[in-house]
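Q: Return a 3D structure for these sequence lines:
(chains A and B)
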Amino acid sequence: MLQRLVNTSNAMSPSVPLQEMIRAIRSARTQCEERGVIQRECAAIRAQFRQADNGGRSHNLAKLLYVHMLGYPAHFGQMECVRMIASPRYSEKRVGYLGAMMLLDEKQDASLLITNSIKNDLSHSNQYVQSLALCTLACMGSAEMCRDLAPEIDRLLRASNSYIKKKAALCAVHIVRKVHELGELFAPAARSLLAEKNHGVLHGAVVLITELCERNPETLERFRKTVPDLVQIMKGLVISGYSPEHDVAGVSDPFLQVRILRLLRILGRNNEAASDAMNDLLAQVATNTDSTKTVGNAVLYETVLTVLDIKSESGLRVLAVNILGRFLLNNDRNIRYIAMTSLQRIVGTDHNAVQRHRGTIVDCLKDQDASVKRRALELSLALVSATNIRSMMKELLLFLSSCPLELRSQAASGIFNAAERYAPSQRWHIDTILHVLTTAGGDVRDETVPNLIQLITNTSELHCYTVHKLYRALLSDISQQSLVQVACWCIGEYGDLLLRGECQETEPVQVTEDDVLDALETVLQSHMSAPATRGFALTATMKLSTRITDNVDRIRSIVSIYGSCIDVELQQRAVEYNALFKKYDHMRAAVLERMPVIEKNSPGHTNGESTREAVKEVQPAKVKQAETLLPQQPANQVCDLLDLLGGSEEPLQSNPAVGSTVPVLPISTSSTAGGDLLDLLGGLEPTPLTPAPTVTVYEKSGVTLTLSSEKQSDSGLTVTLTASNSTDSDISSFTLQAAVPKSVQLHMKAPSGDSLPARGAAKVTQMVVLSNPNKVNLKMRIRISYTSQGSAFQDTVQVDSFPEH
Amino acid sequence: MIKAILIFNNHGKPRLIRFYQYFAEDMQQQIIRETFHLVSKRDDNVCNFLEGGSLIGGSDYKLIYRHYATLYFVFCVDSSESELGILDLIQVFVETLDKCFENVCELDLIFHMDRVHYILQEVVMGGMVLETNMNEIVAQVEVQNRMEKSEGGLSAAPARAVSAVKNMNLPEIPRNINIGDINIKVPSLSPF
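A: Coordinates of the predicted model:
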């Protein structure tokens, strides 16, 4: 039987016992049988390891490694690896090192034990033993080992044969990755390696230099001087005649070419001189390389990337982008994929050039290959602009309906971002979001619901249209939670518009109050609805009690039924709404009134975030809230009104430099149910209007701030703030921040500047546009910050009255 | 940097696994399963680049694979490697295997896993491409194999050893040893 095995195993491998074992494992017909075989083998191997010295040691370790590959535990072989590495026989060393690379890593204690062996083997007379040691060090060398052995590696880099040199170079790369400081040690050797003729060594040297340059900018500077040498080497590769040993499909050592091009890219980035030195070469490579084979394309592709990354001349850039365009039309999907990857990189800098290929890229969205689709999606999202938003969105929505699952949430959020930035009209924006929610409602992020609600409330002219659309959507499908939540909220809020039965923008529905309540009840009772969604539905039902006339009793009964619901959140809501019906019926109308317009974030209005927080607390149907609706902290909310930078009231009050007092707005209704929701019930005392057109609102430490205002419309006011500096020193970084009551919209335009020269030489003006649709009493708190004579100052002032023409 | 090299067959059985970054054993098997799952779904005419695969690394990593008959050769690389270059490297590796094994097939990889590792060691070292010249690789591997064989011993040349033992003149082993009062029954050893 042995004879037969010997004949069948070819000249390469004498490891018969290994093959026997493999045969035995393969003949096992079930997983259980295989486990049995392997357990027996492992037991035998363990026994063999324990024995002192036997001839078949290398076989046992090889067997163990095979077993390890199949996924069975092999940690008991670690010490054997250490022993084998120390053996004088090459066959045993070889397997020992292989075992070390597979089974050991720096976290295991056993790996320390091989440090000495590696050290000895690095100076072994046999170059193949040296190479084993180098290989192992490069694979799993820990930081300490690297530090210990770095000088050895440096020696090998300088004085050995090319076989060892190339391995030492890659080993050095690993060392530098583990211990960054050692980069300095290898730099001189790396430099001299560039003069070698052997391609393997050159390749290793280029990789090493690339690593050194990427880690350390100073090293990068020094290696810039090697650009001429690299260009020379490349020229040799490109122009030289046919050299069969390095030829791959007609291109001379494409791997080395690609490496050198990459290094040139790093060296030429942001550096005119280096880029100039490469221009000719790059043009030559770009035009001469044969692009019919994959290898040629690899080199061409790398050239294109380099051209686009360095400061190349415009003709070359055009050539590069054209090559990418050609790649994009290539039949080979690989090439198209690569082209899109690189276009992604340059879409920021050469946006117009990439836009030219938009059509092809959008076509790739329909490719059946998932990888190509992914690339096309990212690129398409990057190419969306104000001019092409409509057509692009059409394509993207089409893509969303048929795209693979793993790309859906990326596509949905990309579409939302694009819609937000470039929406040509509010109606289009709302339509787009609704479309996404209907197609991919399950994959959108959580913020979508409040964002959409905010968008809807802000578009007051489209309320009727929106509620109609949402009602229709709700009737057809109640499985998409985000959509259902928004729909419930809108119906609750604008149900009266729905019932009115007329709509300018779209076909109105003829619904009765019962129909609407039916729809909401369906959502409440459906098993598909998430608890949060049911909360939305219940609150919407409650809100409708003030907007409809006939079926209030039905609402009352729904609410009282849910007072004993198992879901605690729903139960709490129902009980409180019940209370609203019974004890606080007189407040019901006020509590359930229309929501105020939610302020949007605007530049210069740093209160945006905290206002949004306050408003979010107020929204009764807010999903994330676990606490109850009614007993909110009113002080917190009203303070948020005029609170700059999201802090609480306290720091402002403690600021002694404030010129005028900072009144806390009277909150008489803090203890009752309804007062906190809106500031309608909190009193903001009206103040008499002053007739003067300009008012000095702040004057301190030589800085004066005056305010003048002009009424633009019924609810619009333009305020101009002018600042001047009467001190003897210049003021810099002068900024103003403003906060206004919740229902007022504020838009700060860019200031004329941020420095105030001394002695009133020039002024800074800033315009603020206010919109006060609810005609609340206008107040504004302004925070002034500036730097004078090296120290920073900050001050706050409250403006209670605005002069009006 | 190449993070891992995996070779498995059409049913997902691993034929060679090489990780250049440490993963626990069960993690390694999970990665193999996940990679197989991703790669086997692909048609034959789609591109050879795959993204996704959360286990083996974040957004910077992609899988570059080639399908030859019954085997998938998968390289998991990061963005510092040229994708088309790696694709060519796989080709070079397979051609090298073909030269070393003479018309390599899956069985060769199964039964000579250690040899395949040694060949791979000449191509990729520490996650970095070492040598791409096929002849150079083959030459080095041959030298090392010759070295191993020349070390001699039972492991190196079993044929010679077998015949040597067979030709040994072993004396007849007594069945029973009766010396005085001692009676030892010798257990029968199976003939070699």
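
Q: so where is the stretch 1-150 of chain A shaky, pLDDT-wise?
A: Counting by pLDDT under 70, the stretch 1-150 of chain A shows low-confidence ranges at A:1-16, A:52-55.

Q: hmm, 50 instead?
A: For the stretch 1-150 of chain A, the stretches with pLDDT under 50 are A:1-14.

Q: Just the closest residue of it to chain B, please.
A: Nearest residue of the stretch 1-150 of chain A to chain B, counting by CB to the nearest CB: A:Ala138, 3.2 Å away. For every residue, glycine as well, the C-beta is placed using N, CA and C.

Q: list the helices and strands the helix or strand in which that residue is found packs on?
A: Under the criterion of DSSP states H and E, A:Ala138 resides in helix A:127-140. Applying 3 or more CB pairs under 8 Å, 6 or more residues apart in numbering or on different chains; DSSP states H and E, one finds that helix A:127-140 contacts helix A:90-103, helix A:110-122, helix A:143-158, helix A:162-178, strand B:124-125, helix B:134-150.

Q: Report the angle between the fourth one and helix A:143-158.
A: I take that to be helix A:162-178. Interaxial angle, helix A:162-178 versus helix A:143-158 (axes from the mean of the first three to the mean of the last three CA atoms, to 10 degrees): 150 degrees.

Q: Could you tell me which residues of the stretch 351-500 of chain A lie near chain B?
A: By the rule CB under 8 Å from any CB of the partner chain, the part of the stretch 351-500 of chain A lying against chain B is A:368-372, A:374, A:406.

Q: from the residues you listed, which would you call buried?
A: The neighbour-count test (16 or more other CB atoms under 10 Å in any protein chain shown) marks A:369-372, A:374 as buried among those.

Q: Export the helix or strand harbouring A:Ile338 to PDB, keeping only CA atoms.
A: Using DSSP H and E, A:Ile338 sits in helix A:333-346. Output of helix A:333-346 as PDB, limited to C-alpha atoms (Å, rounded to 0.1, in the frame of the first residue of the first chain):
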ATOM      1  CA  ARG A 333     -17.500  45.400 -16.200                       C
ATOM      2  CA  ASN A 334     -14.300  45.400 -14.200                       C
ATOM      3  CA  ILE A 335     -13.000  48.400 -16.100                       C
ATOM      4  CA  ARG A 336     -16.300  50.200 -15.700                       C
ATOM      5  CA  TYR A 337     -16.200  49.600 -12.000                       C
ATOM      6  CA  ILE A 338     -12.700  50.900 -11.700                       C
ATOM      7  CA  ALA A 339     -13.600  53.900 -13.800                       C
ATOM      8  CA  MET A 340     -16.400  54.800 -11.500                       C
ATOM      9  CA  THR A 341     -14.200  54.400  -8.400                       C
ATOM     10  CA  SER A 342     -11.700  56.900  -9.700                       C
ATOM     11  CA  LEU A 343     -14.400  59.300 -10.900                       C
ATOM     12  CA  GLN A 344     -15.700  59.200  -7.400                       C
ATOM     13  CA  ARG A 345     -12.300  60.500  -6.200                       C
ATOM     14  CA  ILE A 346     -12.200  63.400  -8.500                       C
END
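
Q: Show me how far that helix is from its chain's centre.
A: Mean C-alpha position of helix A:333-346 versus that of the full chain (CA atoms, centre = their mean, to the nearest Å) differs by 20 Å.

Q: And the strands in chain B, which stretches?
A: Using DSSP state E, the strands of chain B run over B:2-9, B:14-19, B:49-50, B:62-68, B:71-77, B:124-125, B:128-129, B:176-179, B:182-185.

Q: and if you look at the stretch 651-800 of chain A?
A: For the stretch 651-800 of chain A, the strands defined by DSSP state E, counting those that start in this stretch cover A:694-700, A:703-711, A:716-725, A:731-739, A:745-748, A:764-771, A:780-788, A:791-799.

Q: Make TSV from the ones you listed and add mean pLDDT and mean neighbour count to it.
A: As requested, the strands of the stretch 651-800 of chain A are exported to TSV (pLDDT from 0 to 100; neighbours: other CB atoms under 10 Å in any protein chain shown):
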stretch	mean pLDDT	mean neighbour count
strand A:694-700	81	15
strand A:703-711	83	18
strand A:716-725	84	19
strand A:731-739	84	19
strand A:745-748	82	20
strand A:764-771	85	19
strand A:780-788	85	20
strand A:791-799	83	16
